[in-house]
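**Student:** Next come a sequence and a model predicted from it.
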Amino acid sequence: MTKYESQVYTLNTTQAEAYARMADLRRFEVIKQALSDPERLQAILQHAPEGQVTPERLEEMRGYLENMTFTEDALSADTQMGHVTLAIVERDEPKLVKLATEGSPVSANVWVQLLPQGAGQCAMKVTVGTELNFFMRKMVEKHLKKAPDGIATFLSQVLVHI
């Protein structure tokens, strides 16, 4: 298995709070609801850092989230590769949530590690592991190297607010 790691991100929430939010994937349903509400979309655009979020990008995200389903242990979506599920396969409270793909042509794992860091903060690191043959890995390696930081950036913004 090839692993790709993110930088360490600081979250302005405690380790216990971040873990509780990450360990129950139903909490991500609020993102889907927010992107379906025009007023909340405007608020997101107004409060987002300059140039990071565009109306087009939000619409694209809304399209992806529209057909997603969330349970405590899994999130599922219909993708170009078919129906794919990302399920929690391990919880180690309050420091680790491990997820794995199900029904995907590519075997992948995502580890979200959380560590205490001062009062009211925690550190987070994301690791993505994949089982790919040599040729596939060469085709997608550029994207895989970016994936952990992309996931960590998203989670660092979301885990504080959901």
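**Tutor:** Yep, that arrived. Numbers count the residues shown, from 1 in each chain.

**Student:** in the protein, which spans are strands?
**Tutor:** Counting by DSSP state E, the segments of the chain that form strands are 2-5, 9-11, 69-70, 74-79, 82-92, 96-102, 107-116, 122-131.

**Student:** which residues sit against the last one?
**Tutor:** Where contact means C-beta atoms under 8 Å, 6 or more residues apart in numbering, the residues beyond strand 122-131 that reach it are 1-11, 13-15, 18, 106-117, 137, 144, 147-149, 151-152, 155-156, 159. Where you see a C-beta, it was placed from the backbone N, CA and C, and this is true even at glycine.

**Student:** tell me the contacts of the residue nearest to residue 58 when sequence neighbours are not counted?
**Tutor:** Excluding its sequence neighbours, the residue lying closest to residue 58 (C-beta to C-beta, 6 or more residues apart in numbering) is residue 41, at 5.9 Å. By C-beta under 8 Å, 6+ apart, the residues touching residue 41 are 34, 35, 55, 58.

**Student:** surely the third one meets residue 44?
**Tutor:** This points to residue 55. No: Residue 55 is beyond contact range of residue 44, at 9.8 Å (criterion: C-beta atoms under 8 Å).

**Student:** Next, the buried residues of the biggest helix by length in the chain.
**Tutor:** Counting residues, the longest helix found in the chain (DSSP state H) is helix 134-158. Using 16 or more other C-beta atoms under 10 Å as the burial criterion, the residues of helix 134-158 that qualify are 144, 147, 148, 149, 151, 152, 155, 156, 157, 158.

**Student:** Now render the strands of the chain as TSV, adding distance to residue 62, mean pLDDT and mean neighbour count.
**Tutor:** Shown next, in TSV, are these (distance: least, C-beta to C-beta, whole Å; pLDDT from 0 to 100; neighbours: other C-beta atoms under 10 Å):
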stretch	distance to residue 62	mean pLDDT	mean neighbour count
strand 2-5	27	94	14
strand 9-11	25	93	17
strand 69-70	15	92	16
strand 74-79	13	89	16
strand 82-92	19	94	15
strand 96-102	23	96	18
strand 107-116	23	96	18
strand 122-131	23	95	19
